[in-house]
Structures are given as structure tokens and as C-alpha cells.
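[1] got a sequence here, can you model it:
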Amino acid sequence: MARRKKKGRRSLPRPLRLPAILAGIALVLLGVWLLVSRNSAPAPAAVAPDWVEQALLPINEYSRAGETLEAVNGIVIHNTGNPGTTAAQNRSYFAGLADSHETHASSNFIVGLKGEVLQVVPSDEVAYASSQRNYDTLSIEVCHADDTGEFGDATMESLVELVQWLVDYFKLDRDQVIRHYDVTGKECPLWYVQHPEDWETFLDRIDFSHENK
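    Numbering: from 1, shown residues only. Okay, the predicted model is just below:
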């Protein structure tokens, strides 16, 4: 009596084997890429120059929650709206929100009346300053002496230097340095909303070429 042959798995025709193998490899590589990208650590915070004073806010829900920025796609310039106040005073206001719970507010940097620059939120963390752009921009609050909102000479020199460093570090273009007004329509920074020609003059002082940097 003849034995029945055991049924084995059918082999793919030779011409189909290679594409099937390549497709399998591609799926494996895609899975690995998705796993790595999902679990990869965020980019480290930019190490500020020594002329930027580190005055980081304590972690709290109202001014520094410790949330990681999704990206740095721009810099938003603000004025403090508190004429005559110093960088340290504005930093104290942000810190005090942890107790007062008055609102959510902060910035990554504050530029003072004498040109001092404080970093109060790291450059890889969210600051509460620019509404819907909080998660992909850095914010700079700038002190001003009076209600006009015009920045003094020492303040302007430090602001230009700070923006230049950030532009170079994050490889940003001219249209990525914006006013708070350009995000929400709020008249901030007031002087540059009312004098748009001076805003263009300010941007002209920044080198956006990124060459040899």
C-alpha cells in the first residue's frame, strides 16, 4: 500500500522570495525606528553663555511645570508691561505665582533695564508666555522704563546679543523671530507694535546667515 506524502508548507516561487524577504526586513526596521523615536530623549538644553545669569524658577504648576518643549521653531519677544521694574522683580513675580495661583505666566529669559539677562526657564522647557506657541518657541520678556514700552540702550544691546546667540544655536531665520503681537494680536511689545519700522531695524541687527557658525 502506497504511503501518502505528508503535506509540507508550500515554498514561495523563487522570483517572489526576495521581495517578500525585503518587505519583511523593511517592516522590522520600521518597527525599530518607531520604537527608538518614541523613546528617544529630548534634545539637551542650550548651554547659555556666561553673561546669562542662571536664576531658574522652582518647579511649580503656575510658572515652570517642567514640561519639555516639542521644538524650538522661533523666539517670541515681549515687554513686561510693568514700567520701571527690574529683571529680578519680574523673576520674583513669576516665582510668586507658585503661591498666589493668580495666573500661569513666565518666560525663558528676562532682559533688564541695565542689560542684565536672567534665564528663568531652561531652553528645553515650556514657558507660559505665548499662548498657542508655548510649546514650540522660546520667550524673552524685556524690561522698559516707562509706559511707551521703548527699550533703553543697555537693554537693547543685551537683547540683540541674546537673540543672536539663540538664532545661531537653533539655526533660526528672520521670520522665526516674532513679536507676541504676531501670535495673539496683543499689543506686545508695545513699542514695536506701534513702531513696526523699528522692529525691522531691530531684526536688521541680527545676522541670520548661519555661515561658519
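[2] got the CA positions of the helix or strand encompassing Ala154 in PDB?
    Assigned by DSSP states H and E, Ala154 belongs to helix 153-170. The C-alpha trace of helix 153-170 is given here as PDB (Å, rounded to 0.1, in the frame of the first residue of the first chain):
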ATOM      1  CA  ASP A 153      20.200 101.300  25.000                       C
ATOM      2  CA  ALA A 154      21.700  98.900  27.500                       C
ATOM      3  CA  THR A 155      18.600  96.700  27.300                       C
ATOM      4  CA  MET A 156      18.700  96.700  23.500                       C
ATOM      5  CA  GLU A 157      22.400  95.700  23.300                       C
ATOM      6  CA  SER A 158      21.700  92.700  25.500                       C
ATOM      7  CA  LEU A 159      18.600  91.800  23.700                       C
ATOM      8  CA  VAL A 160      20.400  91.800  20.300                       C
ATOM      9  CA  GLU A 161      23.200  89.700  21.800                       C
ATOM     10  CA  LEU A 162      20.700  87.200  23.400                       C
ATOM     11  CA  VAL A 163      18.700  86.800  20.200                       C
ATOM     12  CA  GLN A 164      21.800  86.400  18.100                       C
ATOM     13  CA  TRP A 165      23.000  83.600  20.300                       C
ATOM     14  CA  LEU A 166      19.700  81.800  20.200                       C
ATOM     15  CA  VAL A 167      19.400  82.300  16.400                       C
ATOM     16  CA  ASP A 168      22.800  80.800  15.900                       C
ATOM     17  CA  TYR A 169      22.300  77.900  18.300                       C
ATOM     18  CA  PHE A 170      18.900  76.900  16.900                       C
END
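[3] state the mean pLDDT of the helix or strand just after that helix.
    Past helix 153-170, heading to the C-terminal end, the next element that is a helix or strand (DSSP H and E) is strand 177-179. Mean pLDDT, computed over strand 177-179, is 98.
[4] tell me the strands beside strand 177-179, with direction?
    In the sheet, strand 177-179 lines up against strand 75-79 (parallel) (DSSP bridges).
[5] list the buried residues for the strand it pairs with?
    Ile75, Val76, Ile77, His78, Asn79 (16 or more other CB atoms under 10 Å). For glycine as for every other residue, the C-beta is placed from the backbone atoms N, C-alpha and C.
[6] setting aside sequence neighbours, what's the nearest residue to Ala71?
    Asp136 (4.8 Å; CB to CB, 6 or more residues apart in numbering).
[7] likewise for Ala46?
    Ser123 (4.5 Å).
[8] could you give the mean pLDDT of the helix holding Ala154?
    98.
[9] what about the helices in this structure?
    14-39, 87-100, 153-170, 180-184, 190-194, 196-204 (DSSP state H).
[10] these: lowest mean pLDDT?
    Looking at the helices of the chain, the weakest mean confidence is helix 14-39, a mean of 50.
[11] what's the nearest residue to Pro49 if we skip its chain neighbours?
    Trp165 is the one closest to Pro49 (CB to CB, 6+ apart), at 6.2 Å.
[12] could you check how far that neighbour is from Arg179?
    Look at Trp165 and Arg179: by CB to CB, to the nearest Å, they are 19 Å apart.
[13] looking at those two, which is more packed in?
    A direct count of neighbours by other CB atoms under 10 Å for Trp165 and Arg179 places Arg179 higher, at 21 against 16.
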